[in-house]
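Novice: Next input, structure requested:
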Amino acid sequence: MGILRTMFLKIFTWWHGATIGTALYTWRRGVRVGEDSEGNVYYRSKDGRRRWVIYNGEAEASRVPPEWHRWLHKTTDVPPSEAPLPVKPWEKPHRPNPTGTPAAHFPPGSLARGAELGAVRPLYEPWRPE
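Specialist: Down below sits the predicted model:
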């Protein structure tokens, strides 16, 4: 049953990794360039015109680290696998977008925090003419 489910997902869905078409295109015309810490694999075409990523799991663009994003969008020609960027002391490690997860930010008074409607006072005092 597991193999059938995997094949079904590969044929009909794009958000669980590469589809059959993308896998064939990658096999035929792609050159593997590198892999990031999340297991996403990066490719370029043999002529160097196109660059793409095959996600490890769900296809979520915020899972691409900044150094690979830079390479994918042709800001640099050298991939991070060949010349990694020096880590600055003020940099934090890459974190995917947490929207829609329990780690998402909920402001004070948010109904998602369990606050009641109107329970939080306004953050400003409106101007009223005399």
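Novice: just for this protein, where's the confidence low?
Specialist: Along the chain, the model assigns pLDDT under 70 to residues 1, 10, 13-17, 115-122.
Novice: what about Pro93, distance to Pro108?
Specialist: Between Pro93 and Pro108 the distance is 27 Å, computed by Cβ to Cβ, to the nearest Å. Where C-beta positions appear, they are placed from N, C-alpha and C, glycine not excepted.
Novice: between the two, which one's more packed in?
Specialist: More neighbours surround Pro108 than the other of Pro93 and Pro108, with 10 against 7 (other Cβ atoms under 10 Å).
Novice: Count the neighbours of His69 for me.
Specialist: 14.
Novice: That one and Val78: what is the separation?
Specialist: Taking Cβ to Cβ, one finds His69 at 14 Å from Val78.
Novice: Please enumerate the strands of this structure.
Specialist: Secondary structure of the chain by DSSP state E: the strands cover 30-35, 41-45, 51-54.
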